[in-house]
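A.B. asks: starting from these lines, generate the structure:
(one chain, ligands or ions: 2)
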Amino acid sequence: MHTFEFIRANNSDAAIATAAKAKTAQQGADVRFVAGGTTLLDLMKLEVETPTQLIDINRLPLDKIEVGPDGELSIGATVRNSTLAHDPIVQRDYSVLSQAILAGASAQLRNMATTAGNLVQRTRCMYFRDTALPCNKRTPGTGCPAITGANRMLAILGTSEHCIATNPSDMCVAMAALEATIHIQGPSGSRAVPFSDFHLLPGNTPDRETVLEPGDLITHVTLPPPVAGSKQFYLKLRDRASYEFALVSAAVVINVEAGIVTRVRLALGGVGTKPWRSLEAEAVLANQPATRENFRIAAEAAMSDAKPQSENGFKVELAKRCMTYALQQAIS
Ligand SMILES: Cc1cc2nc3c(=O)[nH]c(=O)nc-3n(C[C@H](O)[C@H](O)[C@H](O)COP(=O)(O)OP(=O)(O)OC[C@H]3O[C@@H](n4cnc5c(N)ncnc54)[C@H](O)[C@@H]3O)c2cc1C
Ligand code: SF4
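C.D. replies: Ligands and ions are numbered 1, 2, ... in the order given. Okay, here's the model as predicted:
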């Protein structure tokens, strides 16, 4: 059992200065922020993560949900997933986000889990979570046993020969469809990162999962002003009805006028190495009749680059059906 120092942060600048001493902000970082702890402490118990310093950010003033003067919704980094899912503005204007969060984990976990922690949660690939086994993501250069092993739950989009792990988040799928922006405060200032640029594809560095650098603190996430008249739906397909990660999920934000799709955003979970926005499906549907046939054609387009692994070929058809049904449900 390794030991670590626990630091309660009372101000962001000091927390960032301490975290900036870490060699990396990614897997294996020796200084880590901790929020709800539902990912990090789990991995510390397994000795997958072994930080020497934990900076508790729960006292920082990052727990507000506010509408800005421009109509954007700002969600603080330490807003609990349950608070966010039950917020009246979120339920009214961004219902796909509320649905996605409530489809994840359990009530107890959602009461602890935070917005930023959910963004940075780690894969559930079983090899990653077992230090007796090789894993390129945990220990770069050791290999990826999942490619020839147990890969039923793993990804079919965005994979590389070095890693095929799925991003497990439900919340992130909705945020991809809502075109969120992630706000980061680091040692050299603040920056805003579009959601689609925040998570990285594994390529030949699967240990590097996000654009975060040492000292980078996620302060809040913003959602664009609500899209008038949009219909929203989140569909999660999994092995059991609750307390289970997605095999496939789809988040839909769609506007239909006189039977024609005037705007659509579609993102997928359970199939990508990062939360997966399907620009291909969106392009197929733009200005087309909102019919089941066109939804299926869009779903085919979304899966055109899919690379099934030895045990998860079923995800290709499951994803197509998931998307088609989610689009139908959104407009019904
Ligand atoms: C049994 C179980 C089932 C689950 N099921 C689901 C599910 O079905 N769907 C789903 O989506 N999720 C599921 N989860 C995952 C859960 O949603 C995440 O564990 C949770 O969202 C992480 O949030 P946290 O605040 O606890 O993060 P923490 O564990 O505190 O932190 C996670 C990571 O984020 C970093 N971090 C935290 N805050 C910041 C910040 N402000 N800036 C920069 N880095 C930060 C930490 O350093 C750490 O690396 C499940 C988890 C468990 C344990
Ligand atoms: S898929 Fe990624 S996380 Fe899983 S064993 Fe391979 S390298 Fe590790």
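A.B. asks: next one: the residue in the stretch 201-332 of the chain that ligand 2 sits nearest to from residue 124, what distance?
C.D. replies: Nearest residue of the stretch 201-332 of the chain to ligand 2, counting by C-beta to the nearest ligand atom: residue 206, 5.2 Å away. Any C-beta I mention is one placed from the backbone N, CA and C, and that applies to glycine too. To residue 124, residue 206 is 15 Å away according to C-beta to C-beta, to the nearest Å.
A.B. asks: list the contacts of the residue lying closest to residue 133 once chain neighbours are set aside.
C.D. replies: Of all residues not flanking residue 133 in the chain, residue 127 sits nearest, at 4.8 Å (C-beta to C-beta, 6 or more residues apart in numbering). By C-beta atoms under 8 Å, 6 or more residues apart in numbering, the contact list for residue 127 reads 133-135, 144-146, 149-150.
A.B. asks: wait, a helix at residue 127?
C.D. replies: No. Counting by DSSP: H, G, I helix; E, B strand; the rest coil, residue 127 is located in no helix; its state is coil.
A.B. asks: neighbour count: residue 206 and residue 124, which is higher?
C.D. replies: residue 206 (26 against 14; other C-beta atoms under 10 Å).
A.B. asks: which non-adjacent residue is nearest the more buried one?
C.D. replies: Nearest one to residue 206, counting by C-beta to C-beta, 6+ apart, is residue 163 at 3.3 Å.
A.B. asks: next, the one you found: phi, psi?
C.D. replies: For residue 163, the backbone dihedrals are phi -170, psi 140 (criterion: degrees, to the nearest 10).
A.B. asks: swap in residue 175?
C.D. replies: Backbone torsions for residue 175, taken as degrees, to the nearest 10, come to phi -70, psi -30.
A.B. asks: what about the nearest residue in space to residue 8 that is not next to it in sequence, neighbour count?
C.D. replies: Excluding the flanking residues, the one nearest residue 8 by C-beta to C-beta, 6+ apart is residue 56, at 4.9 Å. Per other C-beta under 10 Å, the neighbour tally for residue 56 reads 16.
A.B. asks: swap in residue 35?
C.D. replies: 25.
A.B. asks: give the contact list for the residue nearest to residue 3 when sequence neighbours are not counted.
C.D. replies: Nearest residue to residue 3, sequence neighbours excluded (C-beta to C-beta, 6+ apart): residue 52, at 7.9 Å. Contacts for residue 52 were tallied using C-beta under 8 Å, 6+ apart; they are 2-5, 30-31.
A.B. asks: from those residues, list just the buried residues.
C.D. replies: Taking 16 or more other C-beta atoms under 10 Å as the criterion, what is buried in the contacts of residue 52 is residue 31.
A.B. asks: which of the contacts of residue 52 has the weakest pLDDT?
C.D. replies: Among these, residue 2 carries the lowest pLDDT, at 79.
A.B. asks: mind naming the longest helix for this protein?
C.D. replies: As assigned by DSSP state H, the longest helix anywhere in the chain is helix 314-331.
A.B. asks: what sits up against that one?
C.D. replies: 156, 231-235, 237, 247-254, 256, 264, 266, 268, 270-271, 278, 281, 285, 290, 292, 295-296, 298-300, 302-303, 306, 308.
A.B. asks: give me phi/psi at the residue of the stretch 1-150 of the chain found nearest ligand 1?
C.D. replies: Going by C-beta to the nearest ligand atom, ligand 1 is nearest to residue 117 of the stretch 1-150 of the chain, at 2.1 Å. Dihedral angles of residue 117 (phi, psi; degrees, to the nearest 10) stand at phi -60, psi -40.
A.B. asks: and the stretch 1-150 of the chain, which residues reach ligand 2?
C.D. replies: 123, 125, 127-128, 135-137, 144-146 (C-beta under 6 Å from any ligand atom).
A.B. asks: next, format those as a markdown table and append pLDDT and distance to residue 69.
C.D. replies: A markdown table is the format used below for those (pLDDT from 0 to 100; distance: C-beta to C-beta, whole Å):
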| residue | pLDDT | distance to residue 69 |
| --- | --- | --- |
| 123 | 97 | 38 |
| 125 | 98 | 43 |
| 127 | 98 | 48 |
| 128 | 98 | 43 |
| 135 | 98 | 46 |
| 136 | 98 | 46 |
| 137 | 97 | 41 |
| 144 | 98 | 48 |
| 145 | 98 | 52 |
| 146 | 98 | 47 |
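A.B. asks: now render those residues as CSV, adding distance to residue 326.
C.D. replies: Shown next, in CSV, are these (distance: C-beta to C-beta, whole Å):
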residue, distance to residue 326
123, 23
125, 25
127, 31
128, 29
135, 32
136, 33
137, 29
144, 31
145, 33
146, 27
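A.B. asks: farthest-separated two in the residues you listed?
C.D. replies: Comparing all pairs in these by C-beta to C-beta, the longest separation belongs to 123 and 145, at 13.8 Å.
A.B. asks: more neighbours, those two?
C.D. replies: Comparing residue 123 with residue 145 by other C-beta under 10 Å, the one with more neighbours is residue 123, at 27 against 17.
A.B. asks: tell me the secondary structure at that one.
C.D. replies: When classified by three-state DSSP, residue 123 comes out as coil.
A.B. asks: please, where are all the helices along the stretch 201-332 of the chain?
C.D. replies: For the stretch 201-332 of the chain, the helices defined by DSSP state H, counting those that start in this stretch cover 279-285, 292-302, 314-331.
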